[in-house]
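Colleague: Structure for the following, please:
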Amino acid sequence: MVSWRAWPKRFACRGTPADAYGLLRSSIQDDNPVLFFEHKGLYQLMGEVDRSLTVPLGKADVIRVGSDATIVANQAMRKIVTAAADELARRGIEVEIIDPRSLAPFDFTTVAASIEKTNYLVRGRGELGTGQLGNDPRHPNRDRPF
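Modeller: Alright, predicted model coming up:
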């Protein structure tokens with residue numbers, strides 16, 4: 001049996017209805033196979049969708065601009081960390097939230113620029129146990145310095 005980690009490295013992970021539509025369009029147009037991950041908790045999420053737009057694979061979305069810390073979160077964690085950022089803002093802490101939207105290719109440029117600005121990185125992760133992309137020591141992104 002072949003693991004999904006052995007596939008060509010294109011992984012899309014939507015966090016909003018607009019991202020779902022735009023990433024799916026980009027995935028279909030891509031010449032390479034793309035694994036499209038969806039969190040089952042997002043299926044009931046409603047929102048505006050511009051059917052003329054695509055969301056490029058490998059381009060992160062800066063959801064909130066901040067100066068005290070960088071939080072990278074995708075899929076269902078996007079909503080959770082946004083609520084946490086609202087609470088932190090009430091306490092005078094401004095965090096920058098980045099949704100990578102695709103894990104491969106990963107937008108290191110956007111994340112690194114944010115970390116350079118804030119000096120702190122927090123990973124908003126909702127998965128449990130082993131078998132997750134962020135837990136795999138063989139994943140090529142694990143050796144990237146920030």
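Colleague: All the helices of the protein, in order from the start?
Modeller: Secondary structure of the chain (DSSP state H): helices at 17-29, 76-90, 108-118.
Colleague: could those helices go into CSV alongside mean pLDDT and distance to Thr54?
Modeller: Placement of C-beta: from N, CA and C, glycine included. What follows is the helices of the chain, written out as CSV (pLDDT from 0 to 100; distance: least, CB to CB, whole Å):
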stretch, mean pLDDT, distance to Thr54
helix 17-29, 93, 4
helix 76-90, 93, 19
helix 108-118, 95, 18
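Colleague: worst-scoring helix or strand of the chain, pLDDT-wise?
Modeller: Lowest by mean pLDDT, DSSP states H and E among the helices and strands of the chain is strand 35-37, with a mean of 85.
Colleague: Partner strands of that one, with direction?
Modeller: strand 11-13 (parallel) (DSSP bridges).
Colleague: Pull the distance from the strand it pairs with to the chain's centre.
Modeller: Mean-position distance between strand 11-13 and its chain equals 8 Å (CA atoms, centre = their mean, to the nearest Å).
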